[in-house]
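Asks: Structure, please.
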Amino acid sequence: MVDDRMPAIGRCYSCKRTFGYQPSTVMMIEVDPETGLLPGMSVTGRFRDPSPEVLARVVKQPVCQECVDRAKRFAQAREIRFETWHNPG
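Replies: Down below sits the predicted model:
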């Protein structure tokens, strides 16, 4: 078992960059190692109830602070604007 006070080096699940972190304070998410997705998520992005087998093989993966901050900014955005292509003709 890893000591939570010892710094660790790992790969961010989101951006895949290597970063140093404290295991007791870093954001961790649970991932199915067979699929690389969150438990219960399908490859099409839909959610379903995860099976007991999936929950048994789940591992925790760290997420760097930059990705956590980016996700918070995205969640707080009031309006998402997609610029559309305009055909003047």
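
Asks: List the contacts of stretch 62-75.
Replies: 8, 10-15, 17, 19, 21, 23, 26-29 (CB atoms under 8 Å, 6 or more residues apart in numbering). Placement of C-beta: from N, CA and C, glycine included.

Asks: For those residues, which PyMOL command selects only the ones that are buried?
Replies: Paste this into PyMOL to select the buried members of the contacts of stretch 62-75, with burial taken from 16 or more other CB atoms under 10 Å:
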select buried, resi 10+12+13+14+19+21+23+26+27
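
Asks: Buried ones in the helix or strand of the chain with the lowest mean pLDDT, by neighbour count?
Replies: One helix or strand of the chain scores below all others by mean pLDDT, DSSP states H and E: helix 65-76, with a mean of 91. For helix 65-76, a neighbour-count test (16+ other CB under 10 Å) marks Cys67 as buried.

Asks: Distance from that helix to the middle of the chain?
Replies: The chain centre lies 11 Å from the centre of helix 65-76; the measure is CA atoms, centre = their mean, to the nearest Å.

Asks: One more: stretch 13-29?
Replies: Computed by CA atoms, centre = their mean, the chain-centroid distance of stretch 13-29 equals 10 Å.

Asks: Averaged pLDDT, that stretch. What do you get?
Replies: Across stretch 13-29, pLDDT averages out at 94.

Asks: contact partners of that stretch?
Replies: 2-12, 31, 38, 60-68, 71.

Asks: Now intersect those with the strands, please.
Replies: Applying DSSP state E to those, the entries found in strands are Ala8, Ile9, Gly10, Arg11, Val31, Lys60, Gln61, Pro62, Val63.
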